[in-house]
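In: what's the 3D shape of this:
(one chain, ligands or ions: 1)
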Amino acid sequence: MQLVKSGGAAEFQIPDLPYPMDALEPVLSRETLEYHYGAHHLGYVEKLNGLVAGTRLEHATLEQIVRTSTGAVYNNAAQVWNHDFYWDCMAPQGGRGAPAGDLATRLTSTFGSFESFKEVFKRHAVQKFGSGWTWLVKTGDGLLVVRNTDDADTPIRTSETPLLCCDVWEHAYYIDYRNDRAKYVDAFMSIVNWKFVEGNLKP
Ligand code: FE2
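Out: Below you'll find the predicted structure:
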């Protein structure tokens, strides 16, 4: 999940997608992934490399940059991290069934049921005004909470641990769902990689 720097060039490189470009069809088309991963995500990586080249941040990790920077450097670094996490939140065979183990127990005790959790998550995603992200996080007190962040903002800037995220920037869904974000969120929930989410909950 961590970006790597190549040789002595000290440049971040976009990680490979965890599946082929067409693997999430028909929920997300190859065209969406080509633009979202190959243009938007890659664009954030390239902009970040340009911004940190020759600065004190040139050899910092992505997480260090997200936690300590501001302005354009922060925005691009956070978007790189968020997108990397987002791709891992989905899987071609994801969404079939429900979470298991501790995650299932915690979702039920927090939201009443898995179905109620999905409703809360969808409501947050649909009601998010403008660009941003919807998250399931574990707070510093160990509680599970659904929250939105604006623009590039990311929970790793805080003491919260991200468990699941949905990109609600329009570029995430416009090709496949036009302006119907609710339909996109429903489709997203059908391919969530619950194994990945369960793994993020582990201490
Ligand atoms: Fe995005």
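
In: in space, what's closest to the residue positioned nearest the centre of the chain - neighbours in sequence excluded?
Out: By C-alpha atoms, centre = their mean, the mean C-alpha position of the chain lies nearest to residue 86, the distance being 2.8 Å. Computed as C-beta to C-beta, 6 or more residues apart in numbering, the closest residue to residue 86 that is not its neighbour in sequence is residue 167, at 5.1 Å. All C-beta spots, glycine's among them, are computed from the backbone N, C-alpha and C.

In: what are the ranges of the strands in this protein?
Out: 132-138, 144-150, 161-167 (DSSP state E).

In: related to what we said a few turns ago, quick one: the residue nearest to the centre of the chain and residue 164 touch, right?
Out: No: when contacts are counted by C-beta atoms under 8 Å, residue 86 is not listed as touching residue 164 (9.4 Å).

In: circling back: and the strands of the chain: which comes nearest residue 29?
Out: strand 161-167 (15.0 Å; C-beta to C-beta).

In: how about the residues of this structure near the ion?
Out: Neighbours of the ion within the chain, by C-beta under 5 Å from the ion: 167, 169, 172.

In: between these, which is closest to residue 197?
Out: Among the residues of the chain next to the ion, residue 167 lies closest to residue 197 (C-beta to C-beta), at 15.3 Å.

In: what sits against that closest one?
Out: Residues in contact with residue 167 (C-beta atoms under 8 Å, 6 or more residues apart in numbering) are 36, 82-83, 86, 133.

In: who wins on neighbours among these?
Out: With neighbours taken as other C-beta atoms under 10 Å, the top of the contacts of residue 167 is residue 133, carrying 29 neighbours.

In: distance of the closest residue to residue 160 other than its chain neighbours relative to the ion?
Out: Once flanking residues are discounted, residue 160 sits nearest to residue 137: 4.3 Å by C-beta to C-beta, 6+ apart. Distance, residue 137 to the ion, using C-beta to the ion, to the nearest Å: 18 Å.

In: do the same with residue 69
Out: 19 Å.

In: just give the number of residues close to the closest residue in space to that residue that isn't next to it in sequence.
Out: In space, and not counting its chain neighbours, residue 69 is closest to residue 77: 6.2 Å by C-beta to C-beta, 6+ apart. For residue 77, the neighbour count with other C-beta under 10 Å is 31.

In: next one: residue 77 from residue 122, what distance?
Out: 28 Å (C-beta to C-beta, to the nearest Å).

In: follow-up on the earlier one: ok, what's across the strand from the residue nearest to residue 86?
Out: residue 133 (DSSP bridges).

In: ok, it to residue 146 distance?
Out: Counting by C-beta to C-beta - residue 167 and residue 146 are separated by 15 Å.

In: then residue 168?
Out: According to C-beta to C-beta, residue 168 and residue 146 sit 13 Å apart.

In: if anything else comes up later, I'll come back, but that's it for now.
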